[in-house]
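Student: generate coordinates for the sequence data below:
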Amino acid sequence: MSDLRVALIAEGPTDSLLIAAALRGILAPRAFTLTLLQPEPTRPQMGTGWCGVFKWCRDFAARSLASLEEDPTLPGFDLFVVHLDTDVADKTYADGGPALERAAAGLPALPCSHPCLPPTGAADALRVRLLAWLGVAGLGPKTVLCVPSKAIEAWLAAGVFDPPHALLTGIECAATLEARLAALPMGTRIRKTAHAYRQHTPEVTENWARVCATCTQAARFSLDVAAAL
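Tutor: Residues are numbered from 1 along each chain as shown. Model prediction:
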């Protein structure tokens with residue numbers, strides 16, 4: 001059986017490491033190869049972060065295709081994953097600069113903040129916006145959205161730390177989790193670098209069931225990937 005081919009549009013390279021770790025937990029024992037479409041070194045003009053995801057989606061929308069699966073420039077993929085953290089619900093298009101604000105004219109508004117409990121409010125609102133950014137009415141059968149609350153660092157913390165670690169309390173509502181991980185005592189702290197995140201990805205994979213039990217949007221992603229495949 002050949003490896004699955006997965007295409008990923010993500011906010012940044014550290015996010016892609018954690019999404020790959022999640023996919024290993026979901027798809028095991030099946031192997032896969034992951035192609036990072038965004039951010040992509042040959043297209044630096046797209047940038048990174050949620051603004052980079054927005055620009056990539058609008059570039060796709062300009063081709064007026066009904067789904068990612070129909071794009072002739074993206075052949076042979078078994079799964080498409082589009083990532084956006086729910087902290088984007090508190091942003092404005094103006095945060096991305098005047099050009100991005102102009103490009104967002106007529107699209108569903110930002111911010112689209114919701115009370116964090118339940119996390120589904122902001123996640124659902126951003127799913128609507130991702131579809132609008134892509135210019136599609138709905139997802140194709142091989143496309144899933146990955147929308148962690150508030151940030152994918154929640155999945156990292158849930159994979160690395162055992163309950164009742166203090167970081168796990170209200171983890172899907174923790175707006176400063178990245179800083180809190182970096183401020184932990186020496187030996188347990190995790191700074192936001194590719195090297196540091198890569199060291200902990202095996203724990204995220206191994207403890208994926210615990211991540212899903214702790215983070216509702218991880219469980220949703222897991223179910224969506226299984227349904228798409």
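
Student: which parts of the protein are helices?
Tutor: Counting by DSSP state H, one finds helices in the chain at the ranges 13-27, 49-61, 98-103, 120-134, 153-160, 177-182, 194-206, 208-214, 216-228.

Student: and among those helices, the most buried is which?
Tutor: By mean neighbour count, with neighbours taken as mean count of other C-beta atoms under 10 Å, helix 153-160 ranks first of those at a mean of 26. Placement of C-beta: from N, CA and C, glycine included.

Student: tell me the average confidence for that one?
Tutor: Averaged over helix 153-160, pLDDT sits at 98.

Student: now the helices of the chain as JSON lines including distance to Val81?
Tutor: Shown next, in JSON lines, are the helices of the chain (distance: least, C-beta to C-beta, whole Å):
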{"stretch": "helix 13-27", "distance to Val81": "6"}
{"stretch": "helix 49-61", "distance to Val81": "11"}
{"stretch": "helix 98-103", "distance to Val81": "23"}
{"stretch": "helix 120-134", "distance to Val81": "11"}
{"stretch": "helix 153-160", "distance to Val81": "14"}
{"stretch": "helix 177-182", "distance to Val81": "21"}
{"stretch": "helix 194-206", "distance to Val81": "15"}
{"stretch": "helix 208-214", "distance to Val81": "15"}
{"stretch": "helix 216-228", "distance to Val81": "8"}
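
Student: any idea which of the ones you listed gets closest to Ser67?
Tutor: helix 120-134 (8.6 Å; C-beta to C-beta).

Student: how far is that closest one from where the chain is centred?
Tutor: For helix 120-134, the separation from the chain centroid amounts to 12 Å (computed by C-alpha atoms, centre = their mean, to the nearest Å).

Student: nearest residue to Leu65 in space, please, no chain neighbours.
Tutor: Nearest non-adjacent residue to Leu65, counting by C-beta to C-beta, 6 or more residues apart in numbering: Asp71, 5.4 Å away.

Student: re earlier: the helices of the chain: which one's closest to Val147?
Tutor: Of all those, it is helix 120-134 that lies closest to Val147, at 4.5 Å by C-beta to C-beta.

Student: distance check, the residue nearest in space to the middle of the chain against Pro164.
Tutor: In the chain, the residue lying closest to the centroid (C-alpha atoms, centre = their mean) is His83, at 2.8 Å. His83 sits 29 Å away from Pro164, going by C-beta to C-beta, to the nearest Å.
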